[in-house]
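Student: Let me see the structure of the following:
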Amino acid sequence: MSDLFASAGIETDAQRSDAPRPLADRLRPQTLAEVVGQEHLTGPDGALTRLLRSNSLGSLVFWGPPGTGKTTVARLLARETSLHFEQISAIFSGLPDLRKVFEAARKRRATGQGTLLFVDEIHRFNRAQLDAFLPVMEDGTVTLVGATTENPSFELNAALLSRARVLLFRALDEAAVAKLLVRAEALTDRALPLDEEARGVLVRMADGDGRAALTLAEEVWRSAGPGETIDAETLQAIIQRRAPIYDKAQEGHYNLISALHKTVRGSDPDAALYYLCRMLDGGEDRLFIARRLVRMAVEDIGLADPHALAVANAAKDAFDFLGSPEGELALAQATIYLACAPKSNAVYTAYKAATRVAKEAGSLAPPRTILNAPTNLMRRLGYGEGYRYDHDEPDAFSGQDYWPERLGRQHFYAPTDRGMESRYADRLAHWEGLRGQRRDEEA
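Tutor: Next up, the predicted model:
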């Protein structure tokens, strides 16, 4: 068995018995069947299982959050396919390193030995480095398995993606994390000194990361006194709290702000408050959130509730004034208000339509009737001639034509029947009727 491990580049426990090893390393699965939480890939009908049965592995990209087994599965694939396992990290490698790896793989291939090249953090490579993989993937010099926590559609170039299959690794659910903890207890022959509630808290603190769960378990064993049973409150004091998976510059950031925006738009204040708190808990810039709330007020609520914009702006000012943590409550209040407000995108739709016409119609002059005439020349040319001052007209409405002659009257704003906007719809209809009367009178 040790020879089999060596052929895959995997050290056995005996080979590493003298070195201290983290629990996560000691519990590393030895077969695909032992991998937890990725049954859609490694189960009897999983995608990887089917590929192995067909003897057509091909190059792959593993996409998923940390601690979900990407490296482990790559090692096991090398063993299952009798390929030499070679691992590099895009953080520490450049083109010279890649050339050495490719040359070694070519030499192995000449002797009948294939190479599975596992590239951790593959999204860290630039375009030129990613392009370097293409010829060795095409001619079979290496079977590439790249691992990334970022969306491959955004981070990897199309040429590489067209030559590799993307497989999604899922964050471990609570059952999978709990299973890992049971394995850890069996391996160490020690029960975790946690009461039932604390055990559940530990599982949730892992945030779907199996490696983190085992690291937290080690911290618990190191911290517990003889015969002590740790409750949930003590557990949080001992290990503080693992930072949630939330990279403000990457996909998690955009996923959560998208979720917040859509739950506000969908009038679900509870879900909106949950995603707001997720972002606050992840350390998101509070003023970024405030700006997005202002955007929601004008895009999704608009004139259905004109106060929404004032509320969103007031929340921003309140946070500026109070700072953290008191100011976050103002953001929460604004979020709930926006979610509960009547919704209309009529202003947003009208703005886009008017922008399109303004760009397409060119530089059309307004009617001379509504142009100012500060000089004698402009007055002689008819600027301002025939303008009717609306406040002096019946109903304070003249019904004049304000549109460029070549463009004609346009309609962009179509108010809904929700909230305050229903009043505007009645008002616009009234004015349109008066406008028709004025035209009939002039005719």
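
Student: just the strands in the stretch 101-250 of the chain please.
Tutor: 115-120, 143-148, 165-168 (DSSP state E, counting those that start in this stretch).

Student: which stretch among these comes nearest Arg435?
Tutor: strand 165-168 (57.8 Å; C-beta to C-beta). Placement of C-beta: from N, CA and C, glycine included.

Student: Show me what the closest one is packed against.
Tutor: The contact analysis (3 or more C-beta pairs under 8 Å, 6 or more residues apart in numbering; DSSP states H and E) places strand 165-168 against strand 60-63.

Student: Please list the residues outside the strand it packs on that contact it.
Tutor: Residues from elsewhere that reach strand 60-63 (C-beta atoms under 8 Å, 6 or more residues apart in numbering): 70, 73-74, 122, 144-152, 156, 161, 164-169.

Student: how about that strand as PDB, C-alpha atoms only?
Tutor: Output in PDB follows, covering the C-alpha atoms of strand 60-63 (Å, rounded to 0.1, in the frame of the first residue of the first chain):
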ATOM      1  CA  LEU A  60     -10.800  19.700 -14.400                       C
ATOM      2  CA  VAL A  61     -11.400  22.900 -12.500                       C
ATOM      3  CA  PHE A  62     -12.500  22.500  -8.900                       C
ATOM      4  CA  TRP A  63     -14.500  25.500  -7.800                       C
END
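
Student: Let me see the ranges of the helices in the stretch 251-400 of the chain.
Tutor: 251-265, 269-281, 286-296, 307-322, 328-340, 346-361, 376-380 (DSSP state H, counting those that start in this stretch).

Student: my guess is Arg165 meets Ser59, correct?
Tutor: Yes - using C-beta atoms under 8 Å, Arg165 is in contact with Ser59, at 7.3 Å.

Student: The two: which is more packed in?
Tutor: Ser59 (20 against 12; other C-beta atoms under 10 Å).

Student: I'd assumed Thr143 was in contact with the more buried one.
Tutor: Yes - contact criterion C-beta under 8 Å: Ser59 and Thr143 qualify, at 5.8 Å.

Student: re earlier: tell me which of the strands of the stretch 101-250 of the chain sits nearest to Leu276.
Tutor: Go through the strands of the stretch 101-250 of the chain one by one with C-beta to C-beta and the one that ends up closest to Leu276 is strand 165-168, at 26.9 Å.

Student: Now do the buried residues in that closest one.
Tutor: Leu167 (16 or more other C-beta atoms under 10 Å).

Student: Can I get it in PDB? Just the C-alpha atoms.
Tutor: What follows is strand 165-168, C-alpha atoms only, in PDB (Å, rounded to 0.1, in the frame of the first residue of the first chain):
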ATOM      1  CA  ARG A 165     -14.700  20.700 -17.000                       C
ATOM      2  CA  VAL A 166     -15.700  22.800 -14.000                       C
ATOM      3  CA  LEU A 167     -16.900  20.800 -11.000                       C
ATOM      4  CA  LEU A 168     -18.600  22.600  -8.100                       C
END
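
Student: Quick one: residues in contact with it.
Tutor: Taking C-beta under 8 Å, 6+ apart as the rule, strand 165-168 contacts 41, 47-48, 58-64, 152.

Student: That one pairs with which strands, parallel or anti?
Tutor: When pairing is defined by DSSP bridges, strand 165-168 lines up against strand 60-63 (parallel).

Student: following the partner strand, which helix or strand shows up next?
Tutor: Scanning forward in sequence from strand 60-63 by DSSP states H and E, the next helix or strand is helix 70-81.

Student: got the angle for the helix or strand just after that following helix vs helix 70-81?
Tutor: Using DSSP H and E, the helix or strand that follows helix 70-81 towards the C-terminus is strand 84-89. Strand 84-89 runs at 160 degrees relative to helix 70-81, counting by axes from the mean of the first three to the mean of the last three C-alpha atoms, to 10 degrees.

Student: how about low-confidence regions in the chain?
Tutor: The chain contains residues with pLDDT under 70 at 1-19, 240-252, 443.

Student: domains of it?
Tutor: As given by automatic domain parsing, the domain ranges for the chain are 2-168, 174-239, 255-340, 365-442.

Student: Find the one among these with the highest mean neighbour count.
Tutor: domain 255-340 (a mean of 18; mean count of other C-beta atoms under 10 Å).

Student: Check the contacts of strand 165-168 against Ala24 and report the nearest one.
Tutor: Using C-beta to C-beta, the contacts of strand 165-168 come closest to Ala24 at Gly64, 16.2 Å.
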